[in-house]
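> Build me a model from this:
(one chain, ligands or ions: 1)
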Amino acid sequence: MIEKQRINEAEKAVKVLQEEVYQHEWRLHYHVAPVANWMNDPNGFCYFKGEYHLFYQHHPFAPKWDSMYWGHVKSKDLVNWEHLPPALAPGEAYDKDGCFSGSAIEKDDKLYLMYTGNVWTGENYDEELKQVQALAVSEDGISFEKLSENPVITEAPKGDIHPFHFRDPKVWKHDNLYYVVLGSKTLQNTGQVLMYRSKDLIHWEFVNILAKGEGNFGYMWECPDLFTLNNKEVLVMSPQGVKPEGNLYHNLHQAGYVIGDVDYEKGILSHGDFQLLDYGFDYYAPQTMIDPEGRRIAIAWMDMWESEMPTQAHGYTGAMTLPRELELRGDKIYCHPVKEIEKLRQAEVIHEQITFSGETSLEGIAGDSIELDLSLRVHHSSACGIRLRVDEDAGEETVITYYGDKGILELDRNESGKGPGGVRKTHLQLQDHMLHLRIFIDKSSVEVFVNHGEQVLTARIYPGKKSTNIRLFSDEEIEIVQLKKWDLKRS
Ligand code: FRU
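Numbers count the residues shown, from 1 in each chain. Okay, the predicted model is just below:
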């Protein structure tokens, strides 16, 4: 009853801002975002009774991180999302300061959410906290009841395991048993992942430290996710505090994966090197699910902790990336926007076989809620690319440059408008001189899929309304083999 009241209050708090937020110029048109106020990590991403459900870390009372609820949206097609009342509100003794991140699983026709109950035990949020794992259950996938057995995991195991930083359960079923991975750190502040198993979701047995970081691998691993892709085991996690190395790891925190094999009996993952899932600025805490078509789909928070978020002044903050289908080729994951996104396309414009040098803009190629599909043949070119969200008068632009001599692709948001600037670079090998960019621009975001999913770069940008022009540039003659553009409908 009290829980219901909290949920109603939360729903009301965002509803009063709904209209104003919906109209705002930076409000995304086809990405999941809260009706108003705050969103971070995706949680409980699943398919239940014919619909996709996505929950998220949500503070309904202000556009900033504070006491965490689970916001909730659902969809039949991963494109059109319906907002629902929050699924979880903090309030029990074991979760009174927040229902932190977690995941979902179906059992006996019911949907279970497994999450971290967070309680602050003092003022120092880094050290004075108590985290436990808890469950809530629902028959309809909309209203949830916390279990009377909660918390189902009451404390971190003994050993070289930090007693307090113990969170973000990702649950799955394997050979008739349930398993959970949890984010953790050692007593010496290095990241690791713990594995548990259970027969019934309620009684859990600690199996082992599944994987741990060595070298420059962060002080804490958040939001682990373990799954099989193409007969290999993949552990996705979000290490906090990896230090920059060359062009890598310039964000405050990272999100990536290792590939290997799991010994389920011993609870050990033998794995290869850490690789990023996204090379841009704003990608964190990805979570995956497998859908009825057998696709492994990832969605992530399209922001970064401690990064400036200019929409906070307008009553809303935080968004999700596009849902991305993961594909394993060799020992590398390729990311593709799910095909359903094409449903949003309208007003196709195509240009083909244009040779140019210097700078060019093409008829009908502009916009701030669009998809671009660009194939460039970059013979000998040392610097070429595309400027997005350009307003010459305001001096605004977001620039993607390929440096052929160095084999580097760069995303530059220093002149993007308000908000954080910076440059991100990735190494790229072209085949037959072809550079392919599939770019999704949405009001205050850009996602660049490079060479058919080999790399992705994601950024939040906050340009003015007039910044809608697009220009191609090259310091040597190159060919635009094809450029397609679609306006994308508001979903
Ligand atoms: C990751 C994270 C999780 C935690 C949640 C709290 O971004 O820090 O580890 O459960 O956010 O909102």
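> which SS state does Glu92 fall under?
The assignment at Glu92 comes out as coil when based on DSSP: H, G, I helix; E, B strand; the rest coil.
> So it versus the ligand, what's the distance?
16 Å (C-beta to the nearest ligand atom, to the nearest Å). Where C-beta positions appear, they are placed from N, C-alpha and C, glycine not excepted.
> That residue and Asn118 touch, don't they?
No - the criterion here is C-beta atoms under 8 Å, and Glu92 misses it with Asn118 at 11.2 Å.
> which of those two has more neighbours?
Neighbours per residue, other C-beta atoms under 10 Å: of Glu92 and Asn118, the larger number sits with Asn118, 23 against 16.
> in what helix or strand does that one lie?
strand 110-120 (DSSP states H and E).
> Check Ile161 too.
Going by DSSP H and E, Ile161 is not in any helix or strand.
> Next, the contact list for the closest residue to it other than its chain neighbours, please.
Leaving out its chain neighbours, the residue that sits closest to Ile161 by C-beta to C-beta, 6 or more residues apart in numbering is Ser184, at 5.8 Å. With contact set as C-beta atoms under 8 Å, 6 or more residues apart in numbering, Ser184 has these partners: 156, 161-162, 165-166, 191-194, 209, 220-221.
> same thing with Glu410?
385, 399-403, 423-425.
> Please settle this for me: is it part of a strand?
Yes - assigned with three-state DSSP, Glu410 falls within a strand.
> okay, it: pLDDT?
With respect to pLDDT, Glu410 has a value of 98.
> Ok, Val73 next?
Looking at Val73, the pLDDT reads 98.
> Next: Val262.
So Val262 comes in at 98 (pLDDT).
> how about it, secondary structure?
Under three-state DSSP, Val262 comes out as strand.
> How much space separates the nearest residue in space to Lys76 that is not next to it in sequence from Ser75?
Take Lys76 and drop its neighbours on the chain: the residue closest to it by C-beta to C-beta, 6+ apart is Glu51, 5.7 Å away. Glu51 is 7 Å from Ser75, where distance means C-beta to C-beta, to the nearest Å.
> Which one's more surrounded, those two?
Higher neighbour count among Glu51 and Ser75: Ser75, with 17 against 13, using other C-beta under 10 Å.
> Quick check, that one in contact with Gly50.
No - counting by C-beta under 8 Å, Ser75 sits too far from Gly50 to count as a contact (10.8 Å).
> All the strands of the stretch 351-491 of the chain, in order from the start?
Assigned by DSSP state E, counting those that start in this stretch, the strands in the stretch 351-491 of the chain fall at 369-377, 384-391, 396-403, 408-412, 423-427, 434-442, 445-450, 455-460, 469-488.
> List the contacts of the lowest-mean-pLDDT helix or strand in the chain.
Using mean pLDDT, DSSP states H and E, helix 2-15 stands out as the lowest-scoring helix or strand of the chain, at a mean of 94. Residues outside helix 2-15 that contact it (C-beta under 8 Å, 6+ apart): 34-37, 58, 60-61, 69, 85-86, 89-91, 146.
> do that again at 7 Å, thanks
34-37, 60-61, 69, 85-86, 89, 91 (C-beta atoms under 7 Å, 6 or more residues apart in numbering).
> Kindly report the same for stretch 287-296.
With C-beta under 7 Å, 6+ apart, stretch 287-296 has contacts from 42-43, 45-47, 103, 223, 225, 227, 229, 236, 297-299, 325-326.
> Among these, which ones are in strands?
42-43, 45-47, 103, 223, 225, 227, 229, 236, 297-299, 325-326 (DSSP state E).
> Pull the most distant pair out of these.
Based on C-beta to C-beta, the longest span within the ones in strands among the contacts of stretch 287-296 runs between Asn43 and Leu229 and measures 21.1 Å.
> Who has more neighbours out of the two?
Applying other C-beta under 10 Å to Asn43 and Leu229 shows that Asn43 carries more neighbours, namely 33 against 16.
> Over to the residue nearest to the more buried one when sequence neighbours are not counted. Which of the three states is it?
In space, and not counting its chain neighbours, Asn43 is closest to Phe55: 4.2 Å by C-beta to C-beta, 6+ apart. Look at Phe55: counting by three-state DSSP, its state is strand.
> can you pull the pLDDT of Phe55?
So Phe55 comes in at 99 (pLDDT).
> If it is in a bridge, with which residues?
Asn43, His72 (DSSP bridges).
> Please tell me I have it right and it contacts Asn40.
No - using C-beta atoms under 7 Å, Phe55 is not in contact with Asn40; the gap is 11.6 Å.
> so how far is Tyr257 from Asn8?
39 Å.
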